[in-house]
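Trainee: okay, here's the prediction I keep looking at, along with the sequence it came from:
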Amino acid sequence: MKKIKYTLLLICSLMLVGCFEKTSIEHWIDNPTTSDIKVVIDGNELAIPANSGVNYKFEFGQHNLSYNNDTVNFTVDSSQSFAIINPTLSNYVIYRIEYKKDSVLGGVSDIISIAAGKKDEDDYKTSIIINGELVEIEAPFKAINDLFINKEQYKWDYFLDDPVPDSVKLRKFKSKSIKMKIFRENDFFKFLKKIGVKDEMRFPANSKKLSDFTQQ
(Lines give C-alpha, C1' and ligand atoms only; values in the text may rest on other atoms or scores of the structure.)
Protein backbone atom coordinates (compact mmCIF):
# COMPACT_ATOMS: atom_id res chain seq x y z
CA MET A 1 0.00 0.00 0.00
CA LYS A 2 2.85 2.37 0.90
CA LYS A 3 4.53 1.69 -2.44
CA ILE A 4 1.33 2.59 -4.32
CA LYS A 5 0.97 5.76 -2.23
CA TYR A 6 4.51 6.95 -3.00
CA THR A 7 4.08 6.09 -6.68
CA LEU A 8 0.93 8.21 -6.81
CA LEU A 9 2.72 11.08 -5.07
CA LEU A 10 5.56 10.88 -7.60
CA ILE A 11 3.13 10.94 -10.52
CA CYS A 12 1.31 13.94 -9.04
CA SER A 13 4.62 15.78 -8.51
CA LEU A 14 5.66 15.17 -12.11
CA MET A 15 2.30 16.43 -13.33
CA LEU A 16 2.70 19.62 -11.27
CA VAL A 17 6.19 20.19 -12.66
CA GLY A 18 4.74 19.86 -16.16
CA CYS A 19 2.01 22.36 -15.34
CA PHE A 20 4.53 25.01 -14.22
CA GLU A 21 7.08 24.45 -17.00
CA LYS A 22 7.77 27.61 -19.03
CA THR A 23 6.27 27.61 -22.50
CA SER A 24 6.94 31.23 -23.49
CA ILE A 25 9.22 34.22 -22.98
CA GLU A 26 8.67 37.98 -23.11
CA HIS A 27 10.91 40.17 -25.24
CA TRP A 28 10.93 43.95 -25.64
CA ILE A 29 10.33 45.14 -29.22
CA ASP A 30 11.86 48.59 -29.53
CA ASN A 31 11.49 51.52 -31.89
CA PRO A 32 14.30 54.09 -31.46
CA THR A 33 13.22 56.16 -34.47
CA THR A 34 11.35 59.47 -34.40
CA SER A 35 8.28 58.01 -36.14
CA ASP A 36 5.77 55.32 -35.19
CA ILE A 37 6.37 51.99 -36.93
CA LYS A 38 4.35 48.85 -37.61
CA VAL A 39 5.77 45.34 -37.48
CA VAL A 40 4.02 42.09 -38.31
CA ILE A 41 4.65 39.09 -36.04
CA ASP A 42 3.25 35.75 -37.19
CA GLY A 43 0.69 37.63 -39.28
CA ASN A 44 -0.39 39.97 -36.46
CA GLU A 45 0.26 43.70 -36.95
CA LEU A 46 1.76 45.55 -34.02
CA ALA A 47 2.14 49.35 -33.77
CA ILE A 48 5.15 50.64 -31.85
CA PRO A 49 5.35 54.33 -30.87
CA ALA A 50 8.39 56.45 -31.66
CA ASN A 51 11.24 56.33 -29.12
CA SER A 52 9.48 53.58 -27.23
CA GLY A 53 8.70 49.89 -27.27
CA VAL A 54 6.35 47.15 -26.14
CA ASN A 55 6.64 43.85 -24.29
CA TYR A 56 5.58 40.90 -26.43
CA LYS A 57 5.11 37.30 -25.33
CA PHE A 58 6.46 34.62 -27.66
CA GLU A 59 5.43 31.00 -27.29
CA PHE A 60 8.32 28.59 -27.74
CA GLY A 61 8.62 27.55 -31.36
CA GLN A 62 9.02 29.04 -34.83
CA HIS A 63 8.10 32.69 -35.53
CA ASN A 64 8.47 35.31 -38.22
CA LEU A 65 8.76 39.08 -38.08
CA SER A 66 8.23 41.52 -40.95
CA TYR A 67 9.13 45.19 -41.17
CA ASN A 68 9.69 47.56 -44.08
CA ASN A 69 9.01 44.87 -46.72
CA ASP A 70 11.55 42.47 -45.23
CA THR A 71 11.02 39.30 -43.18
CA VAL A 72 13.05 37.16 -40.80
CA ASN A 73 12.28 33.71 -39.37
CA PHE A 74 13.51 32.76 -35.91
CA THR A 75 13.05 30.23 -33.11
CA VAL A 76 12.22 30.92 -29.48
CA ASP A 77 13.05 28.28 -26.86
CA SER A 78 13.72 27.82 -23.14
CA SER A 79 17.48 28.32 -23.48
CA GLN A 80 17.09 31.99 -24.42
CA SER A 81 17.12 35.03 -22.15
CA PHE A 82 15.24 38.33 -22.25
CA ALA A 83 16.19 40.41 -25.29
CA ILE A 84 15.51 43.68 -27.03
CA ILE A 85 14.20 42.96 -30.52
CA ASN A 86 15.52 45.58 -32.93
CA PRO A 87 13.34 45.42 -36.09
CA THR A 88 14.79 48.66 -37.53
CA LEU A 89 18.34 47.29 -37.01
CA SER A 90 19.27 50.61 -35.46
CA ASN A 91 22.37 51.28 -33.39
CA TYR A 92 22.17 50.90 -29.63
CA VAL A 93 25.00 51.62 -27.21
CA ILE A 94 26.28 49.54 -24.33
CA TYR A 95 28.09 51.82 -21.87
CA ARG A 96 30.41 50.62 -19.10
CA ILE A 97 30.29 52.94 -16.07
CA GLU A 98 32.91 52.78 -13.35
CA TYR A 99 32.03 54.25 -9.97
CA LYS A 100 34.48 54.95 -7.16
CA LYS A 101 34.00 56.74 -3.86
CA ASP A 102 30.40 57.58 -4.79
CA SER A 103 31.33 59.21 -8.10
CA VAL A 104 31.70 58.27 -11.74
CA LEU A 105 35.32 57.63 -12.72
CA GLY A 106 36.92 58.98 -15.86
CA GLY A 107 35.33 61.87 -17.72
CA VAL A 108 33.82 60.49 -20.90
CA SER A 109 35.03 63.54 -22.83
CA ASP A 110 38.60 62.61 -21.89
CA ILE A 111 38.18 58.92 -22.69
CA ILE A 112 36.81 59.49 -26.18
CA SER A 113 39.41 62.09 -27.07
CA ILE A 114 41.84 60.54 -29.53
CA ALA A 115 44.72 62.62 -28.23
CA ALA A 116 44.06 61.96 -24.56
CA GLY A 117 45.99 58.70 -24.50
CA LYS A 118 43.84 57.51 -21.61
CA LYS A 119 43.08 53.79 -21.91
CA ASP A 120 41.55 51.07 -19.80
CA GLU A 121 42.07 47.36 -20.34
CA ASP A 122 38.29 46.89 -20.28
CA ASP A 123 37.57 49.55 -22.92
CA TYR A 124 36.05 48.57 -26.26
CA LYS A 125 37.62 49.25 -29.65
CA THR A 126 34.91 51.36 -31.22
CA SER A 127 34.45 52.73 -34.74
CA ILE A 128 32.76 56.11 -34.56
CA ILE A 129 32.38 59.24 -36.68
CA ILE A 130 33.69 62.30 -34.79
CA ASN A 131 33.23 65.71 -36.43
CA GLY A 132 32.72 64.01 -39.79
CA GLU A 133 35.77 61.71 -39.60
CA LEU A 134 35.53 57.94 -39.16
CA VAL A 135 38.02 56.84 -36.49
CA GLU A 136 38.64 53.87 -34.21
CA ILE A 137 39.01 54.69 -30.54
CA GLU A 138 39.20 52.88 -27.22
CA ALA A 139 36.23 53.85 -25.10
CA PRO A 140 33.93 52.50 -22.36
CA PHE A 141 31.11 52.13 -24.88
CA LYS A 142 30.33 50.45 -28.18
CA ALA A 143 27.53 50.29 -30.74
CA ILE A 144 25.44 47.13 -31.17
CA ASN A 145 22.81 46.65 -33.86
CA ASP A 146 21.84 42.99 -33.75
CA LEU A 147 18.26 41.91 -34.34
CA PHE A 148 18.24 40.33 -30.86
CA ILE A 149 20.18 42.23 -28.18
CA ASN A 150 20.33 39.78 -25.30
CA LYS A 151 20.60 40.85 -21.68
CA GLU A 152 22.51 37.68 -20.82
CA GLN A 153 25.21 38.71 -23.28
CA TYR A 154 25.45 42.42 -22.46
CA LYS A 155 24.43 42.23 -18.79
CA TRP A 156 23.04 45.75 -18.46
CA ASP A 157 22.04 47.07 -15.04
CA TYR A 158 20.12 50.06 -16.42
CA PHE A 159 17.57 49.58 -19.21
CA LEU A 160 16.82 51.92 -22.09
CA ASP A 161 14.82 54.58 -20.25
CA ASP A 162 16.53 54.17 -16.87
CA PRO A 163 18.60 57.21 -15.84
CA VAL A 164 22.33 56.90 -15.15
CA PRO A 165 22.82 57.44 -11.39
CA ASP A 166 25.34 60.08 -10.33
CA SER A 167 26.63 57.70 -7.70
CA VAL A 168 26.14 54.21 -6.30
CA LYS A 169 26.71 52.66 -2.91
CA LEU A 170 29.86 50.56 -2.90
CA ARG A 171 29.88 47.15 -1.28
CA LYS A 172 31.90 46.71 1.87
CA PHE A 173 35.66 46.42 1.20
CA LYS A 174 35.13 47.28 -2.49
CA SER A 175 36.95 50.27 -4.00
CA LYS A 176 34.82 50.52 -7.14
CA SER A 177 31.65 49.30 -8.82
CA ILE A 178 31.06 48.57 -12.50
CA LYS A 179 27.59 49.10 -13.97
CA MET A 180 26.32 48.63 -17.51
CA LYS A 181 23.76 50.83 -19.23
CA ILE A 182 22.09 50.32 -22.61
CA PHE A 183 21.03 53.36 -24.63
CA ARG A 184 19.25 54.10 -27.85
CA GLU A 185 21.84 55.85 -30.03
CA ASN A 186 20.21 59.30 -29.96
CA ASP A 187 19.74 59.10 -26.19
CA PHE A 188 23.42 58.22 -25.75
CA PHE A 189 24.65 61.26 -27.63
CA LYS A 190 22.20 63.46 -25.71
CA PHE A 191 23.72 62.01 -22.54
CA LEU A 192 27.24 62.88 -23.75
CA LYS A 193 26.18 66.46 -24.51
CA LYS A 194 24.66 66.70 -21.04
CA ILE A 195 27.96 65.75 -19.38
CA GLY A 196 29.97 68.20 -21.48
CA VAL A 197 31.09 66.43 -24.67
CA LYS A 198 31.13 69.04 -27.45
CA ASP A 199 32.21 66.94 -30.45
CA GLU A 200 29.60 65.93 -33.03
CA MET A 201 29.47 62.14 -33.05
CA ARG A 202 27.54 59.28 -34.58
CA PHE A 203 28.09 55.61 -35.27
CA PRO A 204 28.27 54.19 -38.80
CA ALA A 205 24.85 53.11 -40.04
CA ASN A 206 24.01 49.42 -40.07
CA SER A 207 23.89 48.06 -43.63
CA LYS A 208 22.26 44.72 -42.78
CA LYS A 209 18.67 43.74 -43.58
CA LEU A 210 16.24 41.65 -41.54
CA SER A 211 16.57 38.80 -44.01
CA ASP A 212 20.32 38.65 -43.29
CA PHE A 213 19.43 37.21 -39.88
CA THR A 214 18.33 33.60 -40.18
CA GLN A 215 18.23 32.65 -36.49
CA GLN A 216 18.37 34.26 -33.05
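Mentor: Sure thing, it's come through.

Trainee: which stretches in the chain count as helices?
Mentor: Ranges of helices within the chain are 2-19, 108-111, 151-154, 185-194, based on DSSP state H.

Trainee: pick out the shakiest of the ones you listed, pLDDT-wise.
Mentor: Lowest mean pLDDT of the helices of the chain: helix 108-111, a mean of 42.

Trainee: run a quick neighbour tally on Ile178.
Mentor: Around Ile178 there are 14 other residues, counting by other CB atoms under 10 Å. Where C-beta positions appear, they are placed from N, C-alpha and C, glycine not excepted.

Trainee: which non-adjacent residue is nearest it?
Mentor: Excluding the flanking residues, the one nearest Ile178 by CB to CB, 6 or more residues apart in numbering is Glu98, at 5.7 Å.

Trainee: can you check Tyr158 too?
Mentor: Lys181 (4.1 Å).

Trainee: now swap in Ile85 and tell me
Mentor: Nearest residue to Ile85 in three dimensions, chain neighbours excluded: Ile29, at 4.5 Å (CB to CB, 6+ apart).

Trainee: what about that neighbour, how many neighbours?
Mentor: Applying other CB under 10 Å, we find 20 residues neighbouring Ile29.

Trainee: what sits against it?
Mentor: Neighbouring residues of Ile29 by CB atoms under 8 Å, 6 or more residues apart in numbering: 39, 46, 48, 53-56, 84-85, 87.
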